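Q: structure here, sequence nowhere to be found:
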């Protein structure tokens, strides 16, 4: 980790029941530690220093008090659609050309903005499909389109530096 590693570190926050609640900056996690709102479960190897304290940056923290939290839904937005569809066209599979968002059932035919009706498509496939359904355009989707769960969200943050998160996420 570099000199400004604290700026780039993320910390997994677990509820008191050890279920994942979210991800925050490590700066925020350190503040929660000093306020005694969390317990550190795992740490990065990098030390941070102040005039009076040396400590490792927290990788995983657990809330000391249980918080009711029911939302495990990912927000429907462009970034999360690209994440779900691996930034590739769901009709032809290409990922190099300019990508757009396509309504499987066009809005003009009653299609809505939902996880199960939106896909990533390249510009040429989107134009070719036009105001038709994939069946009408003879352009089948490459996979079943589903609403993702929160594990997809967390998975984007797991890397070699925080592989200890896996035991709480997967």
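A: Yep, that arrived. Note that the coordinates shown come from a computational prediction; the quantities given were computed from them, not determined experimentally.
Q: alpha carbons only for contacts and neighbour counts from here, please
A: Will do.
Q: what's the longest helix in this structure?
A: In the chain, assigned by DSSP state H, the helix with the most residues is helix 26-34.
Q: contacts for that helix?
A: 6-7, 9-11, 38-40, 57-59, 61 (CA atoms under 8 Å, 6 or more residues apart in numbering).
Q: stretch 125-133 now?
A: Residues contacting stretch 125-133 (CA under 8 Å, 6+ apart): 89, 91-92, 100, 102, 104-106, 108, 137, 139.
Q: in strands only, show me these.
A: The members of the contacts of stretch 125-133 that map onto strands under DSSP state E are 100, 102.
Q: the spatially most central residue of the chain in helix, strand or coil?
A: Most central in the chain under CA atoms, centre = their mean is residue 153, positioned 2.3 Å from the mean C-alpha point. Secondary structure state of residue 153, per DSSP: H, G, I helix; E, B strand; the rest coil, is helix.
Q: out of the contacts of helix 26-34, which sit inside strands?
A: 10-11, 38-40, 57-59, 61.
Q: using a markdown table, please lay out those residues together with neighbour count.
A: Listed next are the ones in strands among the contacts of helix 26-34 as a markdown table, based on neighbours: other CA atoms under 10 Å:
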| residue | neighbour count |
| --- | --- |
| 10 | 23 |
| 11 | 25 |
| 38 | 22 |
| 39 | 19 |
| 40 | 17 |
| 57 | 23 |
| 58 | 26 |
| 59 | 25 |
| 61 | 27 |
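Q: name the nearest of those relative to residue 143.
A: residue 10 (32.0 Å; CA to CA).
Q: any idea how far the residue nearest to the closest one when sequence neighbours are not counted is from residue 5?
A: Ranked by CA to CA, 6 or more residues apart in numbering and with sequence neighbours excluded, the top spatial neighbour of residue 10 is residue 25, at 4.6 Å. Distance, residue 25 to residue 5, using CA to CA, to the nearest Å: 11 Å.
Q: again, but for residue 148
A: Residue 148 is 31 Å from residue 5, by CA to CA.
Q: so for those two, which residue has more residues nearby?
A: residue 148 (19 against 14; other CA atoms under 10 Å).
Q: list the contacts for the more buried one?
A: Residue 148 neighbours (CA under 8 Å, 6+ apart): 73-74, 84, 115.
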